[in-house]
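Undergrad: can you look at this prediction? I've put the sequence above it.
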Amino acid sequence: MYRPNFCAECGAHIERTRWRLWTSRRFCPVCEKRFRKTIFVWLTLTTFALLGAGFLFGRAGRPAAPPLIVERGKFAAMPVASNNHSPQASSNSANDNSASTSEPRPTPFVSNVTSGETPTDPNETVSLCGARTQKGTPCQRRVRGTGRCWQHRGKPAMLPPSKLIVPA
(Lines give C-alpha, C1' and ligand atoms only; values in the text may rest on other atoms or scores of the structure.)
Protein backbone atom coordinates (compact mmCIF):
# COMPACT_ATOMS: atom_id res chain seq x y z
CA MET A 1 0.00 0.00 0.00
CA TYR A 2 1.13 3.50 -0.84
CA ARG A 3 1.91 5.62 2.24
CA PRO A 4 2.63 9.25 1.37
CA ASN A 5 4.80 11.43 3.58
CA PHE A 6 3.11 14.75 2.76
CA CYS A 7 -0.50 15.92 2.27
CA ALA A 8 -1.52 16.47 -1.36
CA GLU A 9 -3.56 19.58 -0.44
CA CYS A 10 -1.63 21.56 2.18
CA GLY A 11 1.79 19.87 2.09
CA ALA A 12 1.86 19.08 5.81
CA HIS A 13 3.88 16.09 6.97
CA ILE A 14 1.65 13.00 7.47
CA GLU A 15 2.44 10.85 10.47
CA ARG A 16 -0.03 8.06 11.15
CA THR A 17 0.45 5.42 13.79
CA ARG A 18 -1.80 2.96 11.93
CA TRP A 19 -2.66 2.88 8.25
CA ARG A 20 -6.05 1.28 7.72
CA LEU A 21 -7.92 0.46 4.58
CA TRP A 22 -10.35 3.36 5.11
CA THR A 23 -7.78 6.02 6.01
CA SER A 24 -7.06 8.64 3.38
CA ARG A 25 -3.90 8.05 1.36
CA ARG A 26 -3.57 11.59 0.02
CA PHE A 27 -4.61 13.96 2.78
CA CYS A 28 -3.66 14.82 6.35
CA PRO A 29 -6.35 14.43 9.06
CA VAL A 30 -7.32 18.14 8.81
CA CYS A 31 -7.76 18.13 5.00
CA GLU A 32 -9.42 14.73 5.10
CA LYS A 33 -12.33 16.19 7.12
CA ARG A 34 -12.79 18.95 4.51
CA PHE A 35 -12.98 16.50 1.59
CA ARG A 36 -15.01 13.81 3.36
CA LYS A 37 -18.33 15.21 2.11
CA THR A 38 -17.28 15.29 -1.56
CA ILE A 39 -15.84 11.78 -1.33
CA PHE A 40 -19.07 10.54 0.26
CA VAL A 41 -21.18 12.21 -2.44
CA TRP A 42 -19.08 10.69 -5.24
CA LEU A 43 -19.19 7.24 -3.66
CA THR A 44 -22.97 7.47 -3.25
CA LEU A 45 -23.53 8.66 -6.82
CA THR A 46 -21.24 5.96 -8.20
CA THR A 47 -23.03 3.27 -6.19
CA PHE A 48 -26.48 4.38 -7.38
CA ALA A 49 -25.27 4.69 -10.97
CA LEU A 50 -23.90 1.13 -10.92
CA LEU A 51 -27.08 -0.20 -9.29
CA GLY A 52 -29.25 1.64 -11.84
CA ALA A 53 -27.18 0.34 -14.75
CA GLY A 54 -27.42 -3.20 -13.39
CA PHE A 55 -31.18 -2.84 -12.98
CA LEU A 56 -31.60 -1.53 -16.54
CA PHE A 57 -29.43 -4.28 -18.05
CA GLY A 58 -31.34 -6.88 -16.04
CA ARG A 59 -34.70 -5.56 -17.24
CA ALA A 60 -33.49 -5.35 -20.84
CA GLY A 61 -32.14 -8.92 -20.77
CA ARG A 62 -35.32 -10.43 -19.37
CA PRO A 63 -37.41 -12.39 -21.88
CA ALA A 64 -40.80 -11.02 -22.86
CA ALA A 65 -43.84 -12.22 -20.93
CA PRO A 66 -45.83 -15.00 -22.60
CA PRO A 67 -49.16 -13.97 -24.12
CA LEU A 68 -52.23 -14.27 -21.93
CA ILE A 69 -54.39 -17.24 -22.91
CA VAL A 70 -57.94 -17.32 -21.61
CA GLU A 71 -59.56 -20.75 -21.68
CA ARG A 72 -63.29 -21.11 -21.36
CA GLY A 73 -64.85 -24.21 -19.90
CA LYS A 74 -68.04 -25.93 -20.92
CA PHE A 75 -70.11 -23.50 -18.79
CA ALA A 76 -68.83 -20.37 -20.55
CA ALA A 77 -71.97 -20.19 -22.72
CA MET A 78 -74.33 -20.21 -19.71
CA PRO A 79 -76.12 -16.89 -19.16
CA VAL A 80 -75.29 -15.05 -15.98
CA ALA A 81 -78.20 -13.85 -13.87
CA SER A 82 -78.38 -10.07 -13.96
CA ASN A 83 -80.19 -7.66 -11.68
CA ASN A 84 -82.85 -5.59 -13.43
CA HIS A 85 -82.78 -2.01 -12.21
CA SER A 86 -85.77 -0.77 -14.18
CA PRO A 87 -88.42 1.21 -12.23
CA GLN A 88 -91.13 -1.32 -13.09
CA ALA A 89 -89.10 -4.22 -11.70
CA SER A 90 -88.31 -2.34 -8.50
CA SER A 91 -91.98 -1.47 -7.89
CA ASN A 92 -92.95 -5.12 -8.45
CA SER A 93 -90.29 -6.31 -6.03
CA ALA A 94 -91.46 -3.78 -3.43
CA ASN A 95 -95.01 -5.15 -3.71
CA ASP A 96 -93.73 -8.72 -3.48
CA ASN A 97 -91.69 -7.93 -0.35
CA SER A 98 -94.64 -6.29 1.42
CA ALA A 99 -96.92 -9.21 0.59
CA SER A 100 -94.61 -11.98 1.77
CA THR A 101 -92.30 -10.64 4.48
CA SER A 102 -92.50 -13.83 6.55
CA GLU A 103 -90.99 -16.10 3.86
CA PRO A 104 -87.42 -15.58 2.66
CA ARG A 105 -87.15 -15.67 -1.12
CA PRO A 106 -84.59 -18.12 -2.55
CA THR A 107 -81.74 -16.55 -4.46
CA PRO A 108 -81.34 -17.58 -8.10
CA PHE A 109 -78.75 -20.25 -8.75
CA VAL A 110 -75.58 -18.83 -10.37
CA SER A 111 -72.72 -21.12 -11.31
CA ASN A 112 -69.24 -20.20 -10.15
CA VAL A 113 -67.21 -23.18 -11.27
CA THR A 114 -64.00 -24.01 -13.05
CA SER A 115 -63.81 -25.92 -16.30
CA GLY A 116 -63.64 -29.44 -14.80
CA GLU A 117 -66.46 -29.13 -12.28
CA THR A 118 -70.22 -29.21 -12.57
CA PRO A 119 -72.38 -26.92 -10.44
CA THR A 120 -74.17 -28.33 -7.42
CA ASP A 121 -77.94 -28.02 -7.43
CA PRO A 122 -79.08 -26.29 -4.22
CA ASN A 123 -81.69 -29.03 -3.67
CA GLU A 124 -79.16 -31.87 -4.06
CA THR A 125 -78.18 -33.84 -0.95
CA VAL A 126 -74.63 -33.31 0.21
CA SER A 127 -73.09 -35.69 2.71
CA LEU A 128 -69.73 -36.50 4.24
CA CYS A 129 -67.69 -39.46 2.98
CA GLY A 130 -67.43 -41.04 6.45
CA ALA A 131 -65.01 -43.84 5.49
CA ARG A 132 -62.22 -44.83 7.89
CA THR A 133 -58.95 -42.94 7.33
CA GLN A 134 -55.42 -44.04 8.25
CA LYS A 135 -55.73 -41.95 11.38
CA GLY A 136 -58.84 -43.93 12.36
CA THR A 137 -61.29 -41.03 12.10
CA PRO A 138 -64.14 -40.66 9.59
CA CYS A 139 -63.27 -38.86 6.34
CA GLN A 140 -64.65 -35.30 6.29
CA ARG A 141 -64.77 -34.74 2.50
CA ARG A 142 -68.11 -33.55 1.16
CA VAL A 143 -69.63 -35.66 -1.61
CA ARG A 144 -72.79 -35.45 -3.69
CA GLY A 145 -75.46 -37.92 -2.69
CA THR A 146 -74.57 -40.59 -0.16
CA GLY A 147 -71.46 -42.07 -1.78
CA ARG A 148 -67.76 -41.97 -0.92
CA CYS A 149 -65.02 -39.61 -2.02
CA TRP A 150 -62.53 -40.51 -4.76
CA GLN A 151 -60.03 -41.84 -2.24
CA HIS A 152 -62.42 -44.13 -0.34
CA ARG A 153 -64.56 -45.57 -3.17
CA GLY A 154 -65.88 -49.01 -2.22
CA LYS A 155 -65.10 -48.69 1.51
CA PRO A 156 -67.85 -48.72 4.15
CA ALA A 157 -68.69 -45.70 6.29
CA MET A 158 -67.86 -45.63 10.00
CA LEU A 159 -70.96 -43.62 10.95
CA PRO A 160 -74.65 -44.24 10.21
CA PRO A 161 -76.01 -42.48 7.09
CA SER A 162 -78.18 -40.14 9.18
CA LYS A 163 -75.08 -38.55 10.75
CA LEU A 164 -73.30 -38.13 7.41
CA ILE A 165 -75.88 -35.86 5.73
CA VAL A 166 -74.86 -32.20 5.80
CA PRO A 167 -77.75 -29.86 6.69
CA ALA A 168 -78.44 -27.28 3.99
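TA: Arrived safely, thanks for sending.

Undergrad: need the mean per-residue confidence for stretch 65-73.
TA: For stretch 65-73, mean pLDDT rounds to 80.

Undergrad: no, scratch that, I was asking about stretch 134-146
TA: Regarding stretch 134-146, the rounded mean pLDDT is 91.

Undergrad: what sits up against that stretch?
TA: Residues outside stretch 134-146 that contact it (Cβ atoms under 8 Å, 6 or more residues apart in numbering): 120, 124-133, 148-149, 151-152, 157-159, 161, 164-166. C-beta: built from backbone N, CA, C; applies to glycine.

Undergrad: swap in 6 Å and give it another go.
TA: 126-131, 133, 149, 152, 158-159, 161 (Cβ atoms under 6 Å, 6 or more residues apart in numbering).

Undergrad: okay, buried residues for that stretch please.
TA: Buried residues in stretch 134-146, counted by 16 or more other Cβ atoms under 10 Å: 138-139, 141, 143.

Undergrad: run through the strands of this structure in chain order.
TA: Remark: strands assigned in the chain by DSSP state E are 126-128, 142-144.

Undergrad: quick one: residue 126 and residue 166 touch, right?
TA: Yes - in this structure residue 126 lies within contact range of residue 166 using Cβ atoms under 6 Å: 4.7 Å.

Undergrad: which one of the two has more residues nearby?
TA: Set residue 126 next to residue 166 and count neighbours by other Cβ atoms under 10 Å: residue 126 wins out with 17 against 10.

Undergrad: circling back to that earlier point, how about the strands of the chain, which one is nearest residue 28?
TA: strand 142-144 (81.7 Å; Cβ to Cβ).

Undergrad: and that closest one, which strands flank it?
TA: The pairing partners recorded for strand 142-144 under DSSP bridges are strand 126-128 (antiparallel).

Undergrad: low-confidence regions, the chain specifically.
TA: Applying pLDDT under 70 to the chain picks out residues 1-2, 18-25, 73-117, 120.

Undergrad: okay, buried residues for the longest helix along it please.
TA: Counting residues, the longest helix in the chain under DSSP state H turns out to be helix 29-61. By neighbour count on 16+ other Cβ under 10 Å, the buried set for helix 29-61 is 31-32.

Undergrad: sorry, back to before: just the buried ones from the contacts of stretch 134-146, in ChimeraX syntax?
TA: Filtering the contacts of stretch 134-146 down to the buried ones (16+ other Cβ under 10 Å) takes a single ChimeraX command:
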select :126,127,128,129,130,131,149,152,158
